[in-house]
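1. Sequence first, predicted model second:
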Amino acid sequence: MIDLLVKALAVITMDDSHRVILDGEVGIDQGKIVQIGNNLGLTARKVIDAKNCVILPGLINGHSHVYQSLIEGIGYDMHFDPWNWRFLFPIVSKMSPKHARISAELAAMEMIKTGTTTISDHWYMHTDLRNIYEVTDAFDKAGMRAQMVYGLLDQTFAGERIESEYMTMIKTDEQLIQEVQKYYQEWHGKRRTTMALGPGSTEDISEELMLKTRDLSRELDINVSTHVAGWIEINAYTQRKFGERDLEHLHTIGLTGPRGVFFHAVWLSNHEIEILAETGSKVIHCPMANAYLGYGIAPVAQMLERGIPVGLGTDGAASYTYDLWEVGRAAAMLQKATHLDGEAITAEQILTMMTMDGARALGLQKQVGSLEVGKQADLIAVDFNQAHLLADGRFAPKLVYSAHGSDVIHSIIDGQVVMENRELKTMHEKRILEDAFSARQDLIKVAGQETRDLLAAPWPNHGAYWREIAQQEVNLNGNER
């Protein structure tokens with residue numbers, strides 16, 4: 001007798017042959033997939049009859065900043081810099097371990113309810129050294145699979161040392177490396193949690209610390225995940241400072257390769273795309289955040305053509321969602337529009353980005369990303385018994401272009417049912433929503449009078465008001481910083 005048997009309208013395996021098994025079944029025991037096929041004849045302690053559902057691998061969110069889940073909508077429709085320095089940091093620099101945990105619970109709840117089973121979260125708000133531990137434990141208690149990207153940054157884009165009381169309790173690079181090693185010992189490889197190193201970007205980490213990060217990733221054999229070429233000004237900055245474009249410089253100092261994971265990757269040259277392909281590097285595409293912030297549209301079709309694994313990420317507050325279906329749809333539409341070509345990218349490629357390529361990017365392809373015997377049982381069920389999901393066997397286009405997170409009715413992670421018939425099994429939804437609302441108000445309250453005054457700007461002219469204030473500090477006209 002096995003632990004769990006799931007029966008479905010169809011099973012989309014996302015394996016190398018992209019098998020779709022109609023009237024399929026998935027047998028699960030001790031957290032792993034033990035059989036996939038038709039009429040398996042298995043006896044199980046629990047059976048989920050999902051006869052109206054399509055089963056597929058759990059979705060993989062390859063890049064997020066969940067601490068921002070508490071501040072979505074605060075300081076909106078703005079250039080990144082004034083939002084970052086006038087709203088984000090003044091608020092979240094006051095984040096306590098309790099706030100950190102609530103932010104993770106809120107994000108995890110939304111992800112599970114919309115079909116995401118694996119999260120890669122870039123956490124650099126070390127205002128309290130306990131924060132990242134609370135976030136990790138919250139994901140673990142929710143049942144999620146998590147790759148925690150331990151953020152490292154030590155300067156502003158102007159090359160100035162970050163004030164420790166403003167952004168981090170970590171005062172020296174040596175202390176930061178010690179904290180990273182401590183976290184690695186406590187969490188990496190424990191249950192569903194792995195760790196990566198997360199230098200912020202070439203703007204906000206010194207060359208010395210970047211090189212220490214590279215060396216530590218080699219020593220620990222873990223990924224280095226960083227923002228690259230996300231905004232148009234960054235290449236001019238690195239050209240001035242290093243004589244090379246952003247990704248070119250990271251390649252020069254040894255951060256590309258199988259351990260290299262690069263977020264955004266919008267402003268890449270053809271040569272830099274070749275570097276990614278030749279070194280076996282990976283990319284996480286964040287189309288909604290890129291579009292909202294006016295960063296641009298990444299050359300995803302070209303990267304896929306060169307065989308680069310490209311996963312999808314929500315990023316932080318700028319996407320306004322943790323629903324990866326929305327992100328996947330945006331990725332498809334933007335590629336088609338920017339190339340003036342409806343064939344620029346396919347629904348099947350987007351599904352791969354949401355699942356198997358996401359797993360490849362995080363180095364988890366042997367565990368998750370496809371439904372295959374021996375892999376961990378991370379899978380979701382999408383209800384196709386709905387008007388907007390009417391299908392005749394061609395499920396991929398309906399999933400990518402029609403499905404919503406609310407269409408996911410069952411979610412299983414590591415063989416554990418974490419949501420059944422839209423009911424969360426590992427989280428208390430009402431309590432989390434109440435705690436999140438209180439935490440949001442608390443953070444605004446402690447952020448300071450100036451931030452509260454900015455938030456009180458009259459609608460609908462709030463954007464102009466905020467930009468006028470921010471103009472004193474930040475050039476919003478697109479000039480080089």
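-> That came in fine, so what should we check first? Because the structure is predicted, anything quoted here is derived from the model rather than measured.

2. Could I get the buried residue list for stretch 117-130?
-> T117, T118, I119, S120, D121, H122, W123, Y124, M125, H126, T127, D128 (16 or more other CB atoms under 10 Å). C-beta here means a position set from N, CA and C on the backbone, and glycine is covered the same way.

3. Of the residues you listed, just say which sits nearest to A8.
-> T117 (16.4 Å; CB to CB).

4. Phi and psi next, for S96.
-> Main-chain torsions, S96, degrees, to the nearest 10: phi -90, psi 170.

5. Would you agree it is in contact with E134?
-> No: counting by CB atoms under 8 Å, S96 does not reach E134; the two are 9.0 Å apart.

6. Per-residue pLDDT of T451, please?
-> pLDDT for T451: 72.

7. I'd like to know which elements whichever strand or helix holds it is packed against.
-> Taking DSSP states H and E as the definition, one finds T451 inside helix 449-455. Counting contacts by 3 or more CB pairs under 8 Å, 6 or more residues apart in numbering; DSSP states H and E, helix 449-455 is packed against helix 89-92, helix 429-447, helix 462-470.

8. would you put the C-alpha positions of that helix in CSV?
-> Extracted in CSV, the C-alpha atoms of helix 449-455 (Å, rounded to 0.1, in the frame of the first residue of the first chain):
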residue,chain,number,x,y,z
GLN,A,449,7.1,60.9,9.9
GLU,A,450,8.7,61.8,6.5
THR,A,451,7.6,58.4,5.0
ARG,A,452,4.1,58.8,6.5
ASP,A,453,3.8,62.3,5.0
LEU,A,454,4.8,60.9,1.6
LEU,A,455,2.2,58.2,1.9
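
9. Show me how far that helix is from its chain's centre.
-> 30 Å (CA atoms, centre = their mean, to the nearest Å).

10. And stretch 189-201, by the same measure?
-> Worked out by CA atoms, centre = their mean, stretch 189-201 lies 12 Å from the chain centre.

11. list the buried ones in that stretch?
-> R192, T193, T194, M195, A196, L197, G198, P199, G200, S201.

12. Quick check: mean pLDDT of that stretch?
-> Here the average pLDDT along stretch 189-201 is 95.

13. more neighbours, S96 and E134?
-> Using other CB atoms under 10 Å as the criterion, S96 and E134 rank with E134 on top: 20 against 17.

14. Three-state assignment for that one, please.
-> helix (DSSP: H, G, I helix; E, B strand; the rest coil).

15. mind checking how far the residue nearest to it when sequence neighbours are not counted is from P90?
-> Excluding the flanking residues, the one nearest E134 by CB to CB, 6 or more residues apart in numbering is R101, at 4.0 Å. Noted for R101: a distance of 21 Å to P90, by CB to CB, to the nearest Å.

16. Run through the stretch 51-200 of the chain and note the low-pLDDT ranges.
-> Applying pLDDT under 70 to the stretch 51-200 of the chain flags residues 156-171.

17. ok, now which ones touch the residue lying closest to T117 once chain neighbours are set aside?
-> What sits nearest to T117 in space, not counting adjacent residues and going by CB to CB, 6+ apart, is G58, at 2.7 Å. For G58, the contact set (CB atoms under 8 Å, 6 or more residues apart in numbering) comprises 115-118, 145, 355, 368, 378-380, 411-413.

18. so where do the helices sit in the stretch 101-250 of the chain?
-> 131-142, 164-167, 173-187, 207-220, 233-242, 246-252 (DSSP state H, counting those that start in this stretch).

19. For E420, list each beta-bridge partner.
-> Assessed by DSSP bridges, E420 has beta-bridge partners H410, E423.

20. Hmm, it is touching H410, no?
-> Yes: at 5.6 Å, E420 counts as touching H410 under the criterion of CB under 8 Å.

21. Who has more neighbours out of these two?
-> Neighbours were counted for E420 and for H410 using other CB under 10 Å; H410 has more, 23 against 15.

22. residues in contact with K190?
-> K190 touches nothing, counting by CB under 8 Å, 6+ apart.

23. Could you measure from it over to Y133?
-> 12 Å.

24. Which parts of the stretch 51-200 of the chain are strands?
-> Taking DSSP state E, counting those that start in this stretch as the criterion, the stretch 51-200 of the chain carries its strands at 59-64, 116-123, 145-152, 193-199.

25. Using CSV, list the CA coordinates for the second one.
-> Output for strand 116-123, consisting of C-alpha atoms alone and laid out as CSV, is shown next (Å, rounded to 0.1, in the frame of the first residue of the first chain):
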residue,chain,number,x,y,z
THR,A,116,3.9,27.4,-6.7
THR,A,117,5.6,24.6,-4.7
THR,A,118,9.3,25.8,-4.8
ILE,A,119,10.5,29.3,-4.0
SER,A,120,13.9,30.9,-4.4
ASP,A,121,13.9,33.9,-2.1
HIS,A,122,16.7,36.5,-2.1
TRP,A,123,16.9,37.8,1.5
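
26. List the neighbouring strands of that strand plus their orientation.
-> Applying DSSP bridges, one finds strand 116-123 paired with strand 59-64 (parallel), strand 145-152 (parallel).

27. Let me have the ones you listed in TSV, extended by mean neighbour count and distance to N84.
-> Compiled in TSV, those are given as follows (neighbours: other CB atoms under 10 Å; distance: least, CB to CB, whole Å):
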stretch	mean neighbour count	distance to N84
strand 59-64	31	17
strand 145-152	26	14
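
28. Show me the one of those strands that comes nearest L351.
-> Between these, strand 59-64 lies closest to L351; by CB to CB that is 9.4 Å.

29. Could I get the average pLDDT for stretch 377-388?
-> Here the average pLDDT along stretch 377-388 is 98.

30. Buried residues of that stretch, list them for me.
-> Buried, per 16+ other CB under 10 Å, within stretch 377-388: A377, D378, L379, I380, A381, V382, D383, F384.

31. Would you work out how far apart the start and end of that stretch are?
-> Start and end residues of stretch 377-388 are separated by 28 Å (CA to CA, to the nearest Å).

32. ok, so of the buried residues of stretch 377-388, who is nearest A337?
-> Distances from A337 to those, taken by CB to CB, are shortest for V382, at 25.8 Å.

33. so who does that closest one touch?
-> C53, V54, I55, L56, G115, L389, L399, A403, D407, V408, I409.

34. how many other residues sit next to the third one?
-> By other CB under 10 Å, the residues close to I55 number 26.

35. From K46, how far off is it?
-> Counting by CB to CB, the gap from I55 to K46 is 15 Å.

36. One more: the first one?
-> From C53 over to K46 the distance is 16 Å, taken as CB to CB.

37. Just give me the residue closest to the centre of this protein.
-> H63 (2.3 Å; CA atoms, centre = their mean).
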